Structures are given as structure tokens and as C-alpha cells.
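A.B. asks: I would like the atomic coordinates for the input below:
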Amino acid sequence: KVVIKDLPLDHDTDVIKNCLKKHGFVIGKVTRLTQFRTRQPLPFFLVEVGKSEISTKPEEIFKLKNLNHLSITVDPYRGRKKTIQCFKCNRFNHTAELCSMTPRCLKCGQSHITIECDIKQRIEKPICINCNQVGHVAAYRGCAEFPKLTTAHKNRNNNFDSNKYLVSSNISYAQKANGTSANTLDSEQQMAPPAHRPGNNVNNQSAAFASTCIESNVNNTPIPAISGNNDLSVLMTALKELRKLMKEAPQLIAALQAMKYANNTADKLQLLMNACASSDFLDDP
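C.D. replies: Sure, this is the predicted structure:
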């Protein structure tokens, strides 16, 4: 099986099949793939390629770059592992389109396909044509001859169904990691501390702190490089410029302090831009 990509979503599967046959391939079936859980159609087409002595080798299909005048990509099919049962012979791991075995009826076991069987009513005690046990047909997944899925595959499905019940709408991941319970959230209202307004004592303290940090360099004293690295010099220069800017626009101090309550970088930048937009020096000519 291969998957053909880059074709339009509504491309006719019969057209794909006929075009591949013109290239010499034996094509069993062409199916448009769908999303596993929502069943929404996908722009991918599953193609079953057969073998024949006079046909093109199946592996040559991976060399195709164009189909029906459209550019395509051909990849191996890596779908979910599941049991494939032939509707012609009712054996496993192949499809009816590519089956070369003698037909076997699911109901009576004779040499014809099931839909051509004369038995139309429900059989009370069917006999399995694979294990010869009474009470089920060959399509029964509990049959001893029915291939079983691996443990890893079954665990993947079970985990998906069970994990959806572990999500609580009123508890975030961070609160769950910190051990916060739903009862605690109900009894306590979670509120972020308000942002500080410009002109209060906190602004003065922040300005004093910035002034102290760069006091040693206010006279433009050159800073010697340390082991050839000028990172410290660049940092001190930046602090000096920041000190000047905070004197001209004290709103920046409140914005910088409010950043610690922001959730992401975009919110932090928004606070900084709002402070710059409200600064008095922007109105000066």
C-alpha cells in the first residue's frame, strides 16, 4: 500500500486508478483517506498495488512525480495497525481485490462469495470456516484464528479513551502540578495583583535602584574588558541609557514592574508599548 499526496481533495479515485494502470501497475483499490476520529476527508489517497509478471514492479510507483498532469508525492502507507480480512476467501492480511484464492462463503463454506449465497436468513448456530467451531462466523473477532492486535496498539487506544476523563475545566496544568485542588479554587478567588500606577513610591524606589546600579559609570568611565569579553561593558552602557529613559518617561518603571504579572512575551511587549505611547515626551516637538 502507498499514499499519494498533493492531489486535490475532490480528485476522482477512478481517474487515479486508470492513470496508474496506464503506467503499467496492477491496482486493486484507490481510497480517499479520512481523519480517524472525525471522519473528515483528507487530501491523501490510499492505493493498493498488486504484483504481476507482466506489470510494472510495485516499487516503481515511488518514482512517480506526476499523475494526470499534476505533481504528486508517493509515500509508503503507515496507517494504524488493524486486521485486514478478505471478503472473498475470508482469510486475513489481504483484500478481495487482490485475492487469487478460491472463494469461501462465510455462511455455508462453499466455493462462492458470501453475497452470492442462497442462505438469506440468520443462522442460529453458524460454523466458523477458519477454526471449525460452532457459534460464530469467521469474521468474529473472538475467533481463535482471528489475528490479535499487539499489546502496544491496544494500550494506545485505551489511553486515549481514559485520558479524556482526567481533564478538569476549572484546574490549570500549573495548579494541578502545585497540588491545588478544585475545592481550594472554589473557596478562594484567584486575582492578579494590580499594576502599579506611575508616580507612586515604587517608581521612586525603582529609579533609585537603577541609579545605584550604574552609579559607578555615570561619568562615562571606560570599563576594561574581562578576558577579551565586552559583555559587561555593553550591559553597563545599556543600564545607563535605561536610567536616562526612565527619568524622561517614569511610566516605563510601572510597565517594567507589571511585566512580572504578564503571561507571555506578547503581553510584556504590549505593556511596554502602552507606557511609551502614554509618555509625555512623545508630545514634545
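A.B. asks: can you count the residues close to the residue nearest to Pro126 when sequence neighbours are not counted?
C.D. replies: Leaving aside its chain neighbours, Pro126 sits nearest to Val137 (4.9 Å; criterion: C-beta to C-beta, 6 or more residues apart in numbering). (Glycine included, C-beta is placed from N, CA and C.) Val137: 16 surrounding residues under other C-beta atoms under 10 Å.
A.B. asks: please, which helix or strand holds Val137?
C.D. replies: For Val137, there is no host helix or strand (DSSP states H and E).
A.B. asks: that one reaches Cys108, doesn't it?
C.D. replies: No - the pair Val137 / Cys108 is not scored as a contact, 10.7 Å apart, by C-beta atoms under 8 Å.
A.B. asks: so what pLDDT did Ala152 get?
C.D. replies: Note for Ala152: predicted pLDDT of 54.
A.B. asks: lowest-confidence helix or strand of the protein?
C.D. replies: Using mean pLDDT, DSSP states H and E, helix 201-213 stands out as the lowest-scoring helix or strand of the chain, at a mean of 45.
A.B. asks: kindly export the helix or strand just after that one (C-alpha atoms) in CSV.
C.D. replies: Beyond helix 201-213 on the C-terminal side, the first helix or strand identified by DSSP H and E is helix 231-248. Provided in CSV are the C-alpha atoms of helix 231-248 (Å, rounded to 0.1, in the frame of the first residue of the first chain):
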residue,chain,number,x,y,z
ASP,A,231,29.6,41.8,27.7
LEU,A,232,29.9,43.7,31.0
SER,A,233,30.7,46.9,29.2
VAL,A,234,27.6,46.5,26.9
LEU,A,235,25.4,45.8,29.9
MET,A,236,26.6,48.9,31.8
THR,A,237,26.0,51.1,28.8
ALA,A,238,22.5,49.7,28.4
LEU,A,239,21.7,50.4,32.1
LYS,A,240,23.0,53.9,31.7
GLU,A,241,20.7,54.6,28.7
LEU,A,242,17.8,52.9,30.6
ARG,A,243,18.3,55.2,33.6
LYS,A,244,18.1,58.3,31.3
LEU,A,245,14.9,56.9,29.6
MET,A,246,13.2,56.2,33.0
LYS,A,247,13.9,59.8,34.1
GLU,A,248,12.2,61.1,30.9
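A.B. asks: next up, phi/psi of Lys65, please.
C.D. replies: Phi and psi for Lys65, reported as degrees, to the nearest 10, are phi -120, psi -20.
A.B. asks: gap between it and His11?
C.D. replies: Distance, Lys65 to His11, by C-beta to C-beta, to the nearest Å: 16 Å.
A.B. asks: compare these two (neighbour count), which wins?
C.D. replies: His11 (17 against 9).
A.B. asks: report the secondary structure state of that one.
C.D. replies: coil (DSSP: H, G, I helix; E, B strand; the rest coil).
A.B. asks: ok now do the closest residue to it other than its chain neighbours, which residues does it touch?
C.D. replies: Closest residue to His11 apart from its sequence neighbours, by C-beta to C-beta, 6+ apart: Phe45 at 7.3 Å. Counting by C-beta atoms under 8 Å, 6 or more residues apart in numbering, Phe45 touches 3-4, 7, 11, 13, 16, 30-33.
A.B. asks: most neighbours, which of these?
C.D. replies: Ile4 (23 neighbours).
A.B. asks: identify the residues contacting that one.
C.D. replies: Counted by C-beta under 8 Å, 6+ apart, Ile4 has contacts 16, 44-45, 47, 67, 72-74.
A.B. asks: now those residues in CSV, with secondary structure and distance to Asn130?
C.D. replies: Listed next are those as CSV, based on DSSP: H, G, I helix; E, B strand; the rest coil; distance: C-beta to C-beta, whole Å:
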residue, secondary structure, distance to Asn130
Ile16, helix, 34
Phe44, strand, 33
Phe45, strand, 32
Val47, strand, 28
Leu67, strand, 39
Ile72, coil, 39
Thr73, strand, 39
Val74, strand, 35
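A.B. asks: for those, which one is nearest Glu145?
C.D. replies: Val47 (28.8 Å; C-beta to C-beta).
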